[in-house]
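# structure, please.
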Amino acid sequence: MPAATDLSRREILAALACLAGGPKLAFAAPRQRAGAPWHPGVLGERVWLDWRAEDLAEGPVAAWRDRAGGVVAGQSEAAKRPRKLASGEVAFDGRGQNLILPQQGRAYLAHRAVMILFRLDHTASKTPGGSLFYVNGLGGAQARQPAVGYAAGALEAHWRGPKSDYANAMPLRGDATDWHCLVSRRVDGRHHASLDGAPELVTGANICLDRNRSRAKGRIGDPRARSAPWAADCILVLQDELGEAQARKLMGWAMWRRGAQARLPADHPYRHVPPTVEGGDIAVPFAESSEADWAAIRAYWDQKDIARELEQRLGRPLDLRGYKMVFEDHFTRMSITDEVTGTGPWWSPVHGQATGKARQARIGEDPPVFVQSGSELTIRMQKDRRGWKSGVFTSVNLNGRGNTWKYGYFECRARASKGNGFSSWPAFWVKSVNEFFRLTESRLELDIYEGYNADPKGHHQAYHNWPAARRVEGRLRRHRYVGNYTGLTKQQWGHAVDLFDDRFHTYGMMVEEDWVSFYFDGRELSRFPTPIEAKQPLFILVDLALLPHQAKKAEGTYEFTLDYVRVYQRH
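Numbers count the residues shown, from 1 in each chain. This next block holds a predicted model:
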């Protein structure tokens, strides 16, 4: 058989096709064609919640189910139920009629934009202001993820972060019969909002929504008895960042839907013609590795006879010719910041479940788990009055903004203490950033290095596929995992290595279009064909975890110290 250097990924997959069958799994919105009328369905899975009045029968509304996620806004008290009118909208009389939304635990990630098509008699309100729609609470320090309301003759759109309530207020013009459309979106850490197609108001910088820490629910409508009468035609909440062009199309579609297009500004692109589908509107379908792809990857690490034939690169030196360093942190200062309020380049904790049986400590805890000294950063796992605690940090914040890279070489130089020889589990890894923005897509994890101090010669690499946060029919439904073990013995590596000798070593991974390759101290350990899930931006994670099945043996302190983290990409 030819050496791996002579084989393309396509040829290798074909050679292993006997292991499994089936095409690559690709998923997309219903097929669209250029020139067809634009509608929210063109956005596909980006529509996270979708309440439409036409889905309801005329009369009192006890429950309003959204089309996309099946979330029900309901009201058990008959007197507080809004009514679906013959004219097609859902009317709220201003005397406490409202529908209650359950808590939305993933709102801080999934809720990136909101569109509401409504009419409002704000002059009839007997209170200074009122609410139309909000998620996870409205008043005080509650989440507002998002919230839409009115006050002093203006419509207000809110996204609340720990630093501030990022609100845009827009004048309400017209009378109670006029239809209005709000499109409010958070993009690149800023809040953009437009009412009736007017130029967007932009506020905030580095906006990051926190996890919903209250028990507050959401509502459509205002529970107070003296609020303004209003009506809703549709309410949409979108995942992923909505660009300006799509926001304008959403606005145009909504205003034409209610015959209100003449209220759009004279220079709005859809004042005179409704939006149509253009080539750039048609998204590239999301694709997952098929079972055949997965079987081929497993063959590299599980079936050692095939793997040895195909790899043939064990010990080959790292070659970075043609690459340029695009990121480096030498830890000459404390660069780990809070997951929500921080400015980076690292954020903590961000990723739950990353420290095993140890509690994830927060920035500022005493004694600290992150210790910076000279040009080194140490994660220190230790015990306090609450039990074991440790830390994890990532290259993005809690909303997925920060540093990510599509393809490249990822490397850290680090050392690990042995401790008492049990329980320590350091790791350097990457994940796909879509887990923050596209919660309907399966997610990738590549473990560049995992170590266990009870096995100081063992270098572990792994590849995980995780199901999406919201399951989609036909997509991955169970966690897929394959790992590789390299024993750094004299026979295997040329000299014996102790990964917990408190000496610095380098741990690296190259992600290219055809191959994912793992490195230790500048020499290759293993490789496998690049899965489709790895062909997207990746973010870095570093942690020191307490190994669950050895937790009772843990004693003293354990440390994982970094000299640097670097990323290289082709020129």
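
# from now on I want contacts and neighbour counts done on CA atoms only, so please keep to that.
OK.

# now the spatially most central residue of the chain, what's its secondary structure?
Among the residues of the chain, Phe436 comes closest to the average C-alpha position under CA atoms, centre = their mean, at 0.3 Å. Taking DSSP: H, G, I helix; E, B strand; the rest coil as the rule, one finds Phe436 in the helix state.

# confidence score at it?
Phe436 is assigned a pLDDT of 98 by the prediction.

# surely it and Val396 touch.
No - here Phe436 does not reach Val396: they are 9.7 Å apart, not a contact under CA atoms under 8 Å.

# one step back: relative to Ala36, how far out is the residue nearest to the centre of the chain?
Spatial separation of Phe436 from Ala36 under the definition CA to CA, to the nearest Å is 31 Å.

# tell me the contacts of the residue nearest to the centre of the chain?
With contacts defined as CA atoms under 8 Å, 6 or more residues apart in numbering, Phe436 is in contact with 109-110, 399-400.

# widest-spaced pair of those?
Pairwise distances across the contacts of Phe436 (CA to CA) peak at 11.1 Å, for the pair Ala110 and Gly400.

# let me see the mean pLDDT of stretch 216-228.
Taken as a whole, stretch 216-228 has a mean pLDDT of 94.

# all numbers from here: first residue = 877
Okay, using 877 as the starting number, the last item reads as stretch 1092-1104.

# span of it from start to end?
For stretch 1092-1104, the first-to-last residue distance is 23 Å (CA to CA).

# chain center to that stretch: distance?
Remark: stretch 1092-1104 is offset 30 Å from the chain centroid, using CA atoms, centre = their mean, to the nearest Å.

# and what of stretch 1068-1080?
How far stretch 1068-1080 lies from its chain's middle: 25 Å, per CA atoms, centre = their mean.

# buried residues in it?
Within stretch 1068-1080, the residues that count as buried by 16 or more other CA atoms under 10 Å are 1068-1074, 1076, 1078, 1080.

# quick check, nearest of those residues to Val1226?
The shortest gap between Val1226 and any of these belongs to Gly1080, at 21.3 Å (CA to CA).

# show me where the stretch 1127-1276 of the chain has its strands.
Taking DSSP state E, counting those that start in this stretch as the test, the strands found in the stretch 1127-1276 of the chain are 1162-1164, 1199-1205, 1212-1214, 1222-1224, 1235-1236, 1246-1249, 1252-1260, 1263-1266, 1268-1270.

# for stretch 1434-1444, buried residues please.
Judged by neighbour count (16+ other CA under 10 Å), stretch 1434-1444 contains these buried residues: 1434-1444.

# let me have those in TSV, extended by pLDDT.
Putting these into TSV (pLDDT from 0 to 100) gives the following:
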residue	pLDDT
Tyr1434	98
Glu1435	98
Phe1436	98
Thr1437	98
Leu1438	98
Asp1439	98
Tyr1440	98
Val1441	98
Arg1442	98
Val1443	98
Tyr1444	98
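
# CSV for those, including secondary structure and distance to Leu961?
CSV is the format used below for the buried residues of stretch 1434-1444 (DSSP: H, G, I helix; E, B strand; the rest coil; distance: CA to CA, whole Å):
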residue, secondary structure, distance to Leu961
Tyr1434, strand, 66
Glu1435, strand, 65
Phe1436, strand, 64
Thr1437, strand, 65
Leu1438, strand, 64
Asp1439, strand, 66
Tyr1440, strand, 64
Val1441, strand, 61
Arg1442, strand, 61
Val1443, strand, 59
Tyr1444, strand, 60
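
# make a markdown table out of those residues and add distance to Arg1091.
Supplementary listing: those in a markdown table, determined by distance: CA to CA, whole Å:
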| residue | distance to Arg1091 |
| --- | --- |
| Tyr1434 | 37 |
| Glu1435 | 37 |
| Phe1436 | 37 |
| Thr1437 | 39 |
| Leu1438 | 39 |
| Asp1439 | 42 |
| Tyr1440 | 41 |
| Val1441 | 39 |
| Arg1442 | 41 |
| Val1443 | 41 |
| Tyr1444 | 44 |
